[in-house]
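> any chance you could fold what I've pasted below:
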Amino acid sequence: METVGIVSRDKDDKDGQPTAKRRKISSTAVLGDSKHEIQVFHEDSELLTTRAWNAYYGIKEAKNVKKARDFFIKAAMAGGNFAKAMCKYKAWNTDRDRQDAATTFMNLAKGLEDATGVERQAAIYATSMLSKCYKLGKGTPRDSKQGNYYLRIAADNDDAYGLYHHGQVVLMENGGVEKDQETKEAISLIKRAADKGYVCALLFLGSFFEDPGRYGTLLFKSNISKAIENWKKAADLEAEDAHYHLGWCYEKGDGVQQDFKKSFEHYRAASAKVADAQKKIGLFYLHGQGVEQKDVKEGVQWLARAVENDSRDAAYHLGKCYRNGVGVKKDPERAMKMFEKAGATPEAKRIEALFDLCHTVLSDNMTDKLTKSLNAEFPKGIPRRTFVIEYLKGFLGPQDLKEDFENEPEQEFIGHCVWAIDQVSLCYEEVEFLNAVVTFKTKKDKDYIPGLLKLYNTFEGLDDCPLGPGMRQNLERVKGLLINQLVETRVTIKNAG
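From the prediction side, this is the model:
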């Protein structure tokens, strides 16, 4: 007797959701009660498709493409047209044919208005995918206008993907300063997506409420409590990025009571995919913070792992470990490579790395190489204040020089620097020279550092002071660095932690 495949409902699986499995029935059974059997078939196809869709986009659970793939294949085998199109779009268990997939999405979307039940949900998913096809130009000509049109339809039909991405379109293209109504509409759409458990929406709202200004709106005020609320919801759905944000909050005591142990736990939960979380774990082990005991070797291993995943901050810290022999054998050459890897960070860590190199036994040609790359990166020269701060930190330590002087008048900038110099026990000649560095200027930018070297030589007895030779050596090693004396604002250099 000929048999055909049918999907039937089974008991709840380990995730607490109904599962589906294949069973075989005779064709006579199908014919004998075709209406009933076809209904069971379609219901289970819908169940599998919904589970696949949620896993694919991270709705009510963490995004898991492998899990989505398995469910879409099963749903396609169960006869779901949308699932079949998804498999063709992604080349899952079949040849890739995005044009055919887009055609199916289009046909399903056209029937949305009249569709009910199983067919309606498939049509809504298809509408969202069709918007993606148009926006990316995959299976259809690239057409952002058409993509936005279908996004709006998906949003109007309460689809989480459609709500979130249509909200983003409204915010980025129509919202911002002096467009309060559009901004309110955008956030309302994204909140609705978040209420449906869409991880992307929860993460976005966390970032938005942390600092609304970065999205060009003055309508909303920063609300770290709301930010944490959304990150916690996303973390409950195992979103690594949310765990990272919460780790940061507990580490800094931002919106919550400072708790290094909780911070470490969140960073650990994020460490599978977030390189900066790996870096943080490394630093916690290095400093014995939030962990049972300090373990510099373990810290170095975590930093190395973060570097492998392209964390430039981790490269900076790992460079320091190699320079100072912390958790590893001293290796100046490797330290140089790590500092160079760290050098392209937007926070100008390259400048900081240069001055770190000045305090090592590295050869002059290494600092020459980094100096040349800095001049290439800052063709108009490094702002004078940036140079002064980084130069002083080499002898005073960073603890008293963490403030951002970007908006301070010159006299206040000088006052901060002089105060920091006074906090450290130095020779009289060292104090006088560093105070002179703070106010020193030349007519031509190219003469600035050579001028400081000449200034150094005017201080009799400075070479006999403990730090004196180092002060001169640091200037000699960066004498090719171009300093811009007209730019009074610093390049922002975030705390390395």
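> where does the stretch 151-300 of the chain dip in pLDDT?
Flagging of the stretch 151-300 of the chain using pLDDT under 70 yields the residue ranges 174-179.
> and the helices in it, which stretches?
160-174, 180-195, 199-210, 224-236, 240-252, 260-270, 275-287, 296-308 (DSSP state H, counting those that start in this stretch).
> do you know which of those lies nearest Gly319?
Closest approach to Gly319 among these is made by helix 296-308 (9.4 Å; CB to CB). Every residue, glycine included, has its C-beta placed from N, CA and C.
> where do the strands sit along the protein?
3-12, 18-26, 382-383, 483-484 (DSSP state E).
> may I see the buried residues of stretch 46-53?
Within stretch 46-53, the residues that count as buried by 16 or more other CB atoms under 10 Å are Glu46, Leu47, Leu48, Thr49, Thr50, Arg51, Ala52, Trp53.
> if I look at the fifth one, how far off is Arg384?
Think Thr50. In this structure, Thr50 and Arg384 are separated by 61 Å, where distance is defined by CB to CB, to the nearest Å.
> go on, Val326?
Using CB to CB, we find Val326 at a distance of 32 Å from Arg384.
> the more surrounded of the two?
Ranked by neighbour count (other CB atoms under 10 Å), Val326 and Arg384 place Arg384 first, with 21 against 16.
> in helices, which of the buried residues of stretch 46-53 fall?
With DSSP state H as the criterion, helices contain Glu46, Leu47, Leu48, Thr49, Thr50, Arg51, Ala52, Trp53 from among the buried residues of stretch 46-53.
> relative to Ala122, how far out is the residue lying closest to the third one once chain neighbours are set aside?
Put plainly, it is Leu48. Here the nearest residue to Leu48 in space, its sequence neighbours aside, is Ala75; by CB to CB, 6 or more residues apart in numbering that works out to 3.7 Å. In this view, Ala75 and Ala122 are 10 Å apart by CB to CB.
> need the residues touching each of those two.
Each of Thr49, Phe82 lies in contact with both Ala75 and Ala122 under the rule CB atoms under 8 Å, 6 or more residues apart in numbering.
> the residue nearest to Pro212 when sequence neighbours are not counted: how many residues sit nearby?
By the measure of CB to CB, 6+ apart, the closest residue to Pro212 outside its immediate chain neighbours is Phe220, 4.0 Å from it. Under the neighbour criterion other CB under 10 Å, Phe220 is assigned a count of 17.
> against Pro383, how distant is Phe220?
33 Å.
> what do you get for Leu392?
Using CB to CB, one gets 14 Å for the distance from Leu392 to Pro383.
> tabulate the helices of the stretch 151-300 of the chain (TSV), appending distance to Thr439.
Below are the helices of the stretch 151-300 of the chain laid out as TSV (distance: least, CB to CB, whole Å):
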stretch	distance to Thr439
helix 160-174	46
helix 180-195	46
helix 199-210	39
helix 224-236	39
helix 240-252	34
helix 260-270	41
helix 275-287	36
helix 296-308	39
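> in JSON lines, list those helices along with distance to Ala342 and mean neighbour count.
Shown next, in JSON lines, are these (distance: least, CB to CB, whole Å; neighbours: other CB atoms under 10 Å):
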{"stretch": "helix 160-174", "distance to Ala342": "32", "mean neighbour count": "22"}
{"stretch": "helix 180-195", "distance to Ala342": "35", "mean neighbour count": "19"}
{"stretch": "helix 199-210", "distance to Ala342": "25", "mean neighbour count": "23"}
{"stretch": "helix 224-236", "distance to Ala342": "28", "mean neighbour count": "19"}
{"stretch": "helix 240-252", "distance to Ala342": "20", "mean neighbour count": "23"}
{"stretch": "helix 260-270", "distance to Ala342": "20", "mean neighbour count": "20"}
{"stretch": "helix 275-287", "distance to Ala342": "11", "mean neighbour count": "24"}
{"stretch": "helix 296-308", "distance to Ala342": "9", "mean neighbour count": "20"}
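> which of these sits closest to Cys465?
helix 275-287 (31.3 Å).
> list the helices and strands the closest one packs on?
Packed against helix 275-287, as judged by 3 or more CB pairs under 8 Å, 6 or more residues apart in numbering; DSSP states H and E, are the following elements: helix 240-252, helix 260-270, helix 296-308, helix 312-324.
> distance to Leu486 for those - can I get that in a markdown table?
Supplementary listing: these in a markdown table, determined by distance: least, CB to CB, whole Å:
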| stretch | distance to Leu486 |
| --- | --- |
| helix 240-252 | 35 |
| helix 260-270 | 42 |
| helix 296-308 | 37 |
| helix 312-324 | 29 |
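> ok, which of those comes nearest Leu202?
helix 240-252 (7.0 Å).
> compute the inter-axis angle for the closest one and helix 275-287.
Angle of helix 240-252 versus helix 275-287, following axes from the mean of the first three to the mean of the last three CA atoms, to 10 degrees, is 30 degrees.
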